[in-house]
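Novice: Mind folding the following:
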Amino acid sequence: MTGYKALSIACFLGFKKIYIAGFDNNWFKSLQVNNNNEIFYANQHFKKQADSTIVKVKEFEAQNIGELLFSQSFLFNDLYKFPKEKIINLDPDSLTDAFSKEHNLDVYKEL
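Specialist: Predicted structure coming up:
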């Protein structure tokens, strides 16, 4: 999670306010399980990339849907380790609830 590393660096550098966007962690919404109990997800990105396809979850990633969701829950839990008073989430629809979404920036203003 490159964004987490960038967030760590920003905190280390001592920024008073850090604004984030794109920390949605919502890929699990695309999970599918076929009739053989194989797990797949859509690799969706903001910008179309070469790997923007349906991907099979490999056995080393998880043996079942419960294990997969449990391991991925750490993506949300790890965000609570950051200083919440410094970080503002600019995405009002983000599932990331570790940081305030209240701000005065007009980032969604149409030109």
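
Novice: drop to CA atoms for contacts and neighbour counts, all remaining ones
Specialist: Will do.

Novice: measure the residue nearest the centre of the chain to residue 72 for me?
Specialist: For the chain, the residue nearest the mean C-alpha position is residue 25 (2.4 Å; Cα atoms, centre = their mean). Computed as Cα to Cα, to the nearest Å, the residue 25 to residue 72 distance reads 9 Å.

Novice: on that earlier part again, isn't the residue nearest to the centre of the chain right up against residue 93?
Specialist: No - the pair residue 25 / residue 93 is not scored as a contact, 11.4 Å apart, by Cα atoms under 8 Å.

Novice: how about the closest residue to residue 92 other than its chain neighbours, what does it touch?
Specialist: Leaving aside its sequence neighbours, residue 92 sits nearest to residue 101 (Cα to Cα, 6 or more residues apart in numbering; 6.3 Å). Shown in contact with residue 101 (Cα atoms under 8 Å, 6 or more residues apart in numbering): 88, 89, 90, 91, 92.
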